[in-house]
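# I would like to see how this sequence folds:
(2 chains)
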Protein chains: 2
Amino acid sequence: MFNQGDSYTQQFTVTEAVYNGFLNAFGDRNPLHTDEAYAMQKGFQGRVMHGNILNGFLSYFIGECLPTKDVIIHSQSIQFNKPVFLNDTLLLEAQVAEVIESVKVVSFKYTFKNAEGKRVAKGEIQIGLTA
Amino acid sequence: MFNQGDSYTQQFTVTEAVYNGFLNAFGDRNPLHTDEAYAMQKGFQGRVMHGNILNGFLSYFIGECLPTKDVIIHSQSIQFNKPVFLNDTLLLEAQVAEVIESVKVVSFKYTFKNAEGKRVAKGEIQIGLTA
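Predicted coordinates:
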């Protein structure tokens, strides 16, 4: 079902609903994320979206976009390369890096790119197959 | 402001509001997270909470619980060791692993433990100081 080199793409948008949903669920109102003037004073063009919104997108990707629903995340990592802003549309590109049949483990490498094609984040996710 | 070995603790509960907020924001309705019978068939005592809810808690910790608000996350990792269930209360313990003054970088190692004191997740976060 998974083979090394298999690749997936999925598009996500940091809508007001996603941003407000994240704020309400987790309460991280750090001014970088909520105060336009503060964010601009720090050199950004506007409020910087929470990096962990991208981790929420990864949850959806693993839970809903693979050829099987019988999966569980073992571990994941993310490195933030460029800021993401409200209403940015991101393209997730994930590739199967390794399949370990004996223990039903699949690892992915992924990147998120913004509409300008610039990489905003990258990382790895390892999942287990539960069926 | 940060010194190697400094430690922080913060308690979080995976309430219905957090769980539903995450579901609504990201739409990951994988049956492991939403179908009690499916989760039990997979050997769990109930629906397994999304691991990325813990990443949301980490966002709050970094954004709101440190001695300064002038921070930005560079990278983070998480390894999931045991399942987390609805209404579980988790204790986050984070320790400063390294401070690199020259580039204003601080790295933390952390664990989340459940009410039984069992470690449910661990990882690392690297932040930049923006002031």
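# quick one, phi psi at the residue in chain A sticking out farthest from the centre?
Distance from the centre of chain A peaks at residue A:102, with 27.8 Å (Cα atoms, centre = their mean). Main-chain torsions, residue A:102, degrees, to the nearest 10: phi -60, psi -30.
# which SSE is immediately downstream of the one helix or strand residue A:97 maps to?
If you go by DSSP states H and E, residue A:97 is part of strand A:89-100. Next along the chain after strand A:89-100, taking DSSP H and E as the criterion, comes strand A:105-113.
# quick check: angle from that next one to strand A:89-100?
Angle, strand A:105-113 to strand A:89-100, by axes from the mean of the first three to the mean of the last three Cα atoms, to 10 degrees: 160 degrees.
# strand A:105-113: how far from the chain's middle?
Between the centre of strand A:105-113 and the centre of its chain there are 10 Å (Cα atoms, centre = their mean, to the nearest Å).
# do I have it right that residue A:62 meets residue A:128?
No. Between residue A:62 and residue A:128 no contact is recorded; they are 10.8 Å apart, counting by Cβ atoms under 8 Å. To be clear about C-beta, it is placed using only N, CA and C from the backbone, and glycine gets the same treatment.
# looking at these two, which one has more neighbours?
residue A:62 (24 against 15; other Cβ atoms under 10 Å in any protein chain shown).
# tell me where chain A has helices.
A:16-26, A:31-34, A:36-41, A:51-64 (DSSP state H).
# what do residue A:62 and residue A:128 both touch?
Residues touching both residue A:62 and residue A:128 (Cβ atoms under 8 Å, 6 or more residues apart in numbering or on different chains): residue A:71.
# identify the bridge partners of residue A:76.
Legend: beta-bridge partners of residue A:76 under DSSP bridges are residue A:125, residue B:78.
# gap between it and residue B:51?
Using Cβ to Cβ, to the nearest Å, we find residue A:76 at a distance of 8 Å from residue B:51.
# residue A:42 too?
30 Å.
# more neighbours: those two, which one.
residue B:51 (24 against 16).
# test my guess that the more buried one contacts residue B:77.
No. Applying Cβ under 8 Å as the test, residue B:51 and residue B:77 come out as separate, 12.0 Å apart.
# between these two, which contacts overlap?
In contact with both residue B:51 and residue B:77: residue A:76, using Cβ under 8 Å, 6+ apart.
# so where's chain A uncertain?
Residues of chain A meeting the criterion pLDDT under 70: none.
# which one of the helices of chain A lies closest to residue B:110?
Of all the helices of chain A, helix A:51-64 sits nearest to residue B:110, with 13.9 Å by Cβ to Cβ.
# CA atoms only for that closest one, dumped as CSV, please.
C-alpha atoms of helix A:51-64 as CSV (Å, rounded to 0.1, in the frame of the first residue of the first chain):
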residue,chain,number,x,y,z
GLY,A,51,3.4,27.2,13.5
ASN,A,52,1.4,24.5,15.2
ILE,A,53,-1.5,25.2,12.8
LEU,A,54,0.7,23.4,10.3
ASN,A,55,0.9,20.4,12.7
GLY,A,56,-2.9,20.4,12.7
PHE,A,57,-2.9,20.2,8.9
LEU,A,58,-0.5,17.3,9.2
SER,A,59,-2.9,15.5,11.5
TYR,A,60,-5.6,15.9,8.8
PHE,A,61,-3.2,14.6,6.1
ILE,A,62,-2.2,11.5,8.1
GLY,A,63,-5.7,10.8,9.4
GLU,A,64,-7.7,11.5,6.3
